[in-house]
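*Asks:* What would the 3D arrangement of this be:
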Amino acid sequence: MIAMNDLKFLHKKYQKNGFVSPIKVIDSNKANKYRLKLEDAEKKVGALHYKSKVHTILIWVYELAIHKNILDLVEEILGPNILLHNATFIIKEANTPSHVSWHQDLTYWGFSHDDQVSVWLALSPANELSGAMQMIPESHTSGMIEHITTKDKNNVLLQGQKVERVNEENAILCPLLPGEASFHHGWTLHRSKPNRSSDRRIGLNFQYLATHVKQTKHNNDSAICVRGFDKYNNFKIDQLPKKDLDPVALEKFIFLDKL
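*Replies:* This is a model prediction of the structure:
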């Protein structure tokens, strides 16, 4: 559990820099157990890298998303009423060229406000060799920066979006041990280089919103209230599975992924 004084301190760092890292969420043994759960699920249903809403098919993902060590700090940042909008595995296989270019999370998401926090939880070591994230301090204060789209097949981002002419001298590497997480603002510039290690780099990314945030692009977006109360009801409600890889939940998950 994170002490109240520590929460206040971490919030100040987050406000100043646009990110805070590392934050211990669970111990390394638990992180490894969750990794094994992921890899067992992959054996049954195939790759889960970059699939949206994995909390709707894996109960343990949702349990991590509502972990007190995460939500206490998210509440300090966003306030008492919190939505979980998405949970996604971001996996770089060992010795592969996959990378993530300099970008801001909020650029294409269509949210009405920037009351949002990204949490990246490591289930395997994320370091310089394996392609840990790099952040540009205070870049969130600039608001949205122009992105271009590319056709880089090794870019993990769906549109290959990137920000050009970033002053990389200011970049801060955010290494994480298994069970540690980084928290960053949706306008904070960040990237990650390829994984040159002999192990998979496995991250579990959670996206949290304040409940007043709306989706402006369409009416089909969904989320689930994970703390406090949602008096706005701006999103459809994500349905949680009755068990891991519940057939009904899995069928809906696969259908949505094909849309």
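
*Asks:* quick one, what contacts the residue lying closest to H190 once chain neighbours are set aside?
*Replies:* Excluding the flanking residues, the one nearest H190 by C-beta to C-beta, 6 or more residues apart in numbering is M135, at 4.8 Å. (C-beta placed from N, C-alpha, C; glycine too.) M135 is in contact with N17, G18, F19, S21, A171, I172, C174, S182, H184, T188, L189, H190, counting by C-beta atoms under 8 Å, 6 or more residues apart in numbering.

*Asks:* For M135, give its distance to D105.
*Replies:* Distance from M135 to D105, counting by C-beta to C-beta, to the nearest Å: 12 Å.

*Asks:* what touches both of those two?
*Replies:* Common neighbours of M135 and D105 (C-beta under 8 Å, 6+ apart) are H184, T188.

*Asks:* what's the spacing between L73 and D27?
*Replies:* Computed as C-beta to C-beta, the L73 to D27 distance reads 18 Å.

*Asks:* and those two? which has more neighbours close in?
*Replies:* The residue with more neighbours, out of L73 and D27, is L73; 23 against 13, by other C-beta atoms under 10 Å.

*Asks:* Could you give the separation of the helix or strand hosting the more buried one from the chain centroid?
*Replies:* Here L73, judged by DSSP states H and E, is contained in helix 68-78. Centre-to-centre, helix 68-78 and its host chain are 14 Å apart (C-alpha atoms, centre = their mean, to the nearest Å).

*Asks:* going forward can the numbers begin at 43, since that is how I track them
*Replies:* New numbering, starting at 43: the last item is helix 110-120.

*Asks:* State the mean pLDDT of it.
*Replies:* Helix 110-120 shows an average pLDDT of 97 in the prediction.

*Asks:* what comes into contact with stretch 58-67?
*Replies:* 44, 52, 55-56, 106, 109, 111-112, 115, 163, 177-183, 216-219, 221-227, 229-230, 232.

*Asks:* Mind listing what's buried along it?
*Replies:* N59, G60, F61, V62, S63, P64, I65, V67 (16 or more other C-beta atoms under 10 Å).

*Asks:* the helices in the stretch 43-192 of the chain, which residues?
*Replies:* For the stretch 43-192 of the chain, the helices defined by DSSP state H, counting those that start in this stretch cover 46-59, 70-87, 101-107, 110-120.

*Asks:* Mind checking these for the one nearest to V159?
*Replies:* helix 110-120 (5.3 Å; C-beta to C-beta).

*Asks:* Show me what the closest one is packed up against.
*Replies:* helix 46-59, strand 61-66, strand 124-134, strand 158-164, strand 222-227, strand 243-252, strand 264-269 (3 or more C-beta pairs under 8 Å, 6 or more residues apart in numbering; DSSP states H and E).

*Asks:* got a markdown table for the ones you listed, with distance to N237 and mean pLDDT too?
*Replies:* Output for those, formatted as a markdown table (distance: least, C-beta to C-beta, whole Å; pLDDT from 0 to 100):
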| stretch | distance to N237 | mean pLDDT |
| --- | --- | --- |
| helix 46-59 | 25 | 93 |
| strand 61-66 | 18 | 97 |
| strand 124-134 | 4 | 97 |
| strand 158-164 | 13 | 98 |
| strand 222-227 | 17 | 97 |
| strand 243-252 | 5 | 98 |
| strand 264-269 | 30 | 98 |
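
*Asks:* Nearest to A83, out of these?
*Replies:* With respect to A83, and counting by C-beta to C-beta, the nearest of those is strand 124-134 at 9.7 Å.

*Asks:* tell me what that closest one is packed against?
*Replies:* If you count contacts as 3+ C-beta pairs under 8 Å, 6+ apart, strand 124-134 packs onto helix 101-107, helix 110-120, strand 243-252, strand 264-269.

*Asks:* tell me the most buried of these?
*Replies:* Across the helices and strands packed on strand 124-134, the average number of neighbours (mean count of other C-beta atoms under 10 Å) peaks for strand 243-252, which reaches a mean of 24.

*Asks:* No further questions, thank you.
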